[in-house]
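1. Sequence plus predicted model, see below.
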Amino acid sequence: MQIEFDIRPAPFPIRQFLKWTGFEAITMPWQTVYALQLPLSDELIRHEAIHILQIREMGAVRFTLTYLWYQIRYGYWDNPLEVDARTRSATFFSQI
Ligand SMILES: [Zn+2]
């Protein structure tokens, strides 16, 4: 299965957000990944691809609200959507 999406250099203010948070990239609800530096590692591309899938599965509004709520409730590492992204990016792509 192929998942197509855009990866672009992060514009201001997303660039500033990434620097403050220490993240290398962020997937936005409009299904674009913004990166602090290109190219991204294959591992990170696979991780962000799962966020793209989550957005397609849940819809942009529900994904965004759920993600933000989980972020407050569980923090980044234990955010169930992050756990899902780590789990599925490790298994899903090994089947290709
Ligand atoms: Zn993630």
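-> Noted; the coordinates are in hand. Values in this document were obtained by computation on a predicted structure and should not be read as measured data. Numbers count the residues shown, from 1 in each chain.
2. The ion contacts on the chain?
-> Residues of the chain lying close to the ion (Cβ under 5 Å from the ion) are 82, 85. For the C-beta atoms, the positions are set from N, CA and C on the backbone; glycine is no exception.
3. Mind doing that once more with 6 Å?
-> Within the chain, the positions adjacent to the ion are 47, 51, 82, 85 by Cβ under 6 Å from the ion.
4. Quick check: residue 33 is in a helix.
-> No. Counting by DSSP: H, G, I helix; E, B strand; the rest coil, residue 33 is not found in a helix; it is strand.
5. Identify the residues contacting it.
-> Listed by Cβ atoms under 8 Å, 6 or more residues apart in numbering, the contact partners of residue 33 are 5-8, 25-27, 40, 48, 51-52.
6. Need the max-distance pair from those.
-> Across those, the longest distance by Cβ to Cβ is 14.9 Å; it joins 8 and 51.
7. So which of those two has more stuff around it?
-> Using other Cβ atoms under 10 Å, the more surrounded residue of residue 8 and residue 51 is residue 51, with 25 against 13.
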